[in-house]
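Enquirer: here's a sequence, model it:
(one chain, ligands or ions: 2)
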Amino acid sequence: MAAFREFAVVDKVIESEIITSFYLAPRDGQALWEFQPGQYLTLRVPGPDGPVLKTYSLSNAPSETRHYRITVKREAGINGAPEGLGSCWLHDRVAPGDSIEVAAPRGSFVLDETSPRPVLLLSGGVGLTPMVAMLQRLAETEREVYFLHACENGRVHALRDEVLALVSDRIHARFIYRSPSDADRSAALFDAEGVIDKTFLRQHLPIGDYEAYICGPTPFMAAMYQLLQELGVAEDRIAYEFFGKATSLKTRNVATAPQTAASAATAAIRSLTHITNPDAWASEEGEPAESGTVAAGQSLSTAQVEFRASGATVAWDAAQGSLLQLAENAGLEPAFTCRAGICNACKCRLITGEVDYFEEPLEMPQPGEVLICCSRPKGTVVLDL
Ligand SMILES: Cc1cc2nc3c(=O)[nH]c(=O)nc-3n(C[C@H](O)[C@H](O)[C@H](O)COP(=O)(O)OP(=O)(O)OC[C@H]3O[C@@H](n4cnc5c(N)ncnc54)[C@H](O)[C@@H]3O)c2cc1C
Ligand code: FES
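Expert: Numbers count the residues shown, from 1 in each chain. Ligands and ions are numbered 1, 2, ... in the order given. Below you'll find the predicted structure:
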């Protein structure tokens with residue numbers, strides 16, 4: 001099966017001053033690929049030196065069979081920086097009737113649909129896109145949902161009406177505007193002003209056994225991650241997605257250094273097994289969640305990995321995750337961007353040994369090359385890193 005299919009833009013809908021949705025239907029008349037709420041599409045967009053790949057979360061209901069929808073913020077270059085290549089091409093050049101090459105939905109930031117627990121969807125800015133797909137799916141279930149969305153004001157707030165249309169006895173939505181306009185105030189478009197803090201969460205969330213999903217700008221996510229941990233939500237109950245360069249919100253001390261993570265683990269936050277601590281939730285400061293444990297059932301089989309160019313040899317085990325994480329844990333700083341097998345930024349030469357891909361690369365590297373962000377060693381491995 002070809003990695004990319006041609007899709008027609010069947011509609012283009014302005015959602016806010018800076019955010020526009022694109023509805024995409026396959027030109028081949030075949031069914032859409034199925035997707036899990038939270039996953040994203042990869043688009044081939046024209047760049048100055050040939051096509052480049054850009055990823056956009058699916059914002060439509062997973063039950064939709066006619067088209068996909070992506071909802072894109074126009075990245076205007078600020079302070080003289082160049083305008084965003086993909087987002088400005090979509091906003092300024094793409095019109096209904098145009099074609100776009102699209103690869104199948106991917107990503108491990110997905111709603112755990114096996115769980116009956118209440119769900120907390122926390123988004124900032126255009127980070128609401130995967131949350132809306134999750135919300136659409138959750139609307140078909142019996143689960144309790146809290147959808148909290150923070151943005152600047154009503155001028156940039158996308159998909160507001162769609163979210164409100166899903167509100168019910170068990171689906172609650174709260175909008176937090178950082179600097180609302182007079183028009184926002186008189187139309188009562190928002191529930192709170194400022195930023196989400198612990199008091200706000202306590203006021204708006206009953207004590208619960210939540211699974212939390214976070215998406216938004218990195219400082220927003222770091223703050224939400226820390227707040228949730230302070231409120232007793234265990235770290236493996238918190239899943240998150242970066243729209244920029246992927247890193248990790250897990251740190252040894254999130255309170256003091258939320259943005260100085262040493263390693264990434266978006267794909268690792270999939271085992272939602274811990275219980276929220278109601279005592280911590282109720283107490284003034286809460287207890288920090290336990291960390292550093294290996295999830296139940298994880299294999300501890302080991303292998304030796306030599307990073308030859310760096311002169312380091314380290315033991316790998318399942319708790320280390322990918323070869324990229326292993327290198328980072330060893331103090332190396334390999335290049336990466338997506339951490340999901342899409343961009344090839346982490347490609348390096350495999351001198352000896354074999355690897356397993358736990359996430360299939362969008363385009364398989366040549367023999368003798370390896371994408372270290374989505375692979376693990378199969379026995380002893382030597383990398384030119
Ligand atoms: C999993 C995932 C899901 C995503 N989902 C969405 C989504 O649903 N909606 C959405 O809008 N985005 C989403 N994104 C982000 C999206 O993929 C793009 O990163 C985003 O659109 C910016 O890409 P761009 O090509 O427009 O900008 P780029 O060309 O990549 O530029 C990025 C930023 O850097 C600035 N810049 C460019 N060149 C320079 C320079 N030389 N110096 C200084 N600054 C510079 C640009 O002005 C811009 O602000 C997602 C990302 C990921 C990883
Ligand atoms: S970091 Fe993008 S493919 Fe590995």
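
Enquirer: look up the closest residue to the closest residue to ligand 2 within the stretch 51-200 of the chain, ignoring the ones flanking it.
Expert: Residue nearest to ligand 2 within the stretch 51-200 of the chain (CB to the nearest ligand atom): Leu53, separated by 9.3 Å. To be clear about C-beta, it is placed using only N, CA and C from the backbone, and glycine gets the same treatment. Leaving aside its sequence neighbours, Leu53 sits nearest to Thr42 (CB to CB, 6 or more residues apart in numbering; 5.4 Å).

Enquirer: count of neighbours near the one you found?
Expert: 22 (other CB atoms under 10 Å).

Enquirer: so in terms of bridging, what pairs with the nearest residue to Ser375 once chain neighbours are set aside?
Expert: Leaving aside its sequence neighbours, Ser375 sits nearest to Val355 (CB to CB, 6+ apart; 4.1 Å). In this entry, Val355 is beta-bridged to Pro377, by DSSP bridges.

Enquirer: what helix or strand is the nearest residue to Thr65 once chain neighbours are set aside located in?
Expert: In space, Thr65 comes closest to Leu32 once its chain neighbours are excluded; the distance is 6.3 Å by CB to CB, 6+ apart. Under the criterion DSSP states H and E, no helix or strand holds Leu32.

Enquirer: any idea how far Leu32 lies from ligand 1?
Expert: Using CB to the nearest ligand atom, to the nearest Å, we find Leu32 at a distance of 17 Å from ligand 1.

Enquirer: over to Gln203?
Expert: Taken as CB to the nearest ligand atom, the span from Gln203 to ligand 1 is 29 Å.

Enquirer: quick one, phi psi at that residue?
Expert: Phi and psi for Gln203, reported as degrees, to the nearest 10, are phi -70, psi -30.

Enquirer: flag every residue of the stretch 151-300 of the chain that's near ligand 1.
Expert: Applying CB under 6 Å from any ligand atom, one finds that the stretch 151-300 of the chain approaches ligand 1 through Glu241, Phe243.

Enquirer: all helices of the stretch 151-300 of the chain, in order?
Expert: Using DSSP state H, counting those that start in this stretch, the helices of the stretch 151-300 of the chain run over residues 160-165, 182-186, 198-204, 218-230, 278-282.

Enquirer: okay, the ones you listed, which one's buried deepest?
Expert: The highest mean neighbour count among those, using mean count of other CB atoms under 10 Å, belongs to helix 218-230: a mean of 21.

Enquirer: that one packs against which elements?
Expert: For helix 218-230, the packing partners by 3 or more CB pairs under 8 Å, 6 or more residues apart in numbering; DSSP states H and E come out as strand 119-124, helix 198-204, strand 211-215, strand 238-241.

Enquirer: and Glu101, what is it in contact with?
Expert: Phe4, Arg5, Glu6, Phe7, Leu43, Arg44, Pro51 (CB atoms under 8 Å, 6 or more residues apart in numbering).

Enquirer: before we move on, back to that, what bridges to the residue nearest to Leu53?
Expert: Counting by DSSP bridges, the residues bridging with Thr42 are Thr55, Ala103.

Enquirer: low-confidence ranges, this protein, go.
Expert: 1-2, 245-248, 250-301 (pLDDT under 70).

Enquirer: nearest to ligand 1: which residue in this protein?
Expert: Closest point on the chain to ligand 1, by CB to the nearest ligand atom, is Gly84, at 2.4 Å.

Enquirer: what's the distance between that residue and Leu53?
Expert: Distance of Gly84 to Leu53, given as CB to CB, to the nearest Å: 14 Å.

Enquirer: for Ser87, phi and psi?
Expert: Given degrees, to the nearest 10, the pair of backbone angles that Ser87 has is phi -70, psi -40.

Enquirer: isn't it right up against Val72?
Expert: Yes - counting by CB atoms under 8 Å, Ser87 does reach Val72; the two are 5.3 Å apart.

Enquirer: next, count neighbours for Cys88.
Expert: Neighbour tally, Cys88, other CB under 10 Å: 17.

Enquirer: make sure I have this right: it is in a helix.
Expert: Yes - according to DSSP: H, G, I helix; E, B strand; the rest coil, Cys88 belongs to a helix.

Enquirer: ok, it - contacts?
Expert: Here Cys88 is in contact with Arg74, Glu75, Ala76 (CB under 8 Å, 6+ apart).

Enquirer: wait, the second one touches Gly84, no?
Expert: Yes - counting by CB under 8 Å, Glu75 sits close enough to Gly84 to count as a contact (2.8 Å).

Enquirer: my read: Asp317 touches Thr302, true?
Expert: Yes - assessed by CB under 8 Å, Asp317 is found in contact with Thr302 at 4.8 Å.

Enquirer: so between the two, which is more surrounded?
Expert: More crowded of Asp317 and Thr302, by other CB under 10 Å: Asp317, with 15 against 12.

Enquirer: so which bits of the protein are right by ligand 2?
Expert: So the chain meets ligand 2 at Phe336, Thr337, Cys338, Arg339, Gly341, Ile342, Cys343, Asn344, Ala345, Cys346, Leu371, Cys373 (CB under 6 Å from any ligand atom).

Enquirer: and the buried ones among the residues you listed, selectable in PyMOL?
Expert: Buried subset of these, written as a PyMOL selection, criterion 16 or more other CB atoms under 10 Å:
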select buried, resi 336+338+339+341+342+343+344+346+371+373
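
Enquirer: filter the residues of the chain next to ligand 2 down to the ones in strands?
Expert: Counted as lying in strands by DSSP state E, out of the residues of the chain next to ligand 2, are Leu371.

Enquirer: can you give me the neighbour number for Met134?
Expert: Met134: 26 neighbours (other CB under 10 Å).

Enquirer: re earlier: ok, the residue of the stretch 51-200 of the chain closest to ligand 2 - contacts?
Expert: Thr42, Leu43, Arg44, Val45, Ala103, Ile342, Cys343, Leu362.

Enquirer: okay, those residues in a markdown table with distance to Val13 next?
Expert: Converted to a markdown table, the contacts of Leu53 look like this (distance: CB to CB, whole Å):
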| residue | distance to Val13 |
| --- | --- |
| Thr42 | 21 |
| Leu43 | 17 |
| Arg44 | 22 |
| Val45 | 19 |
| Ala103 | 23 |
| Ile342 | 26 |
| Cys343 | 28 |
| Leu362 | 28 |
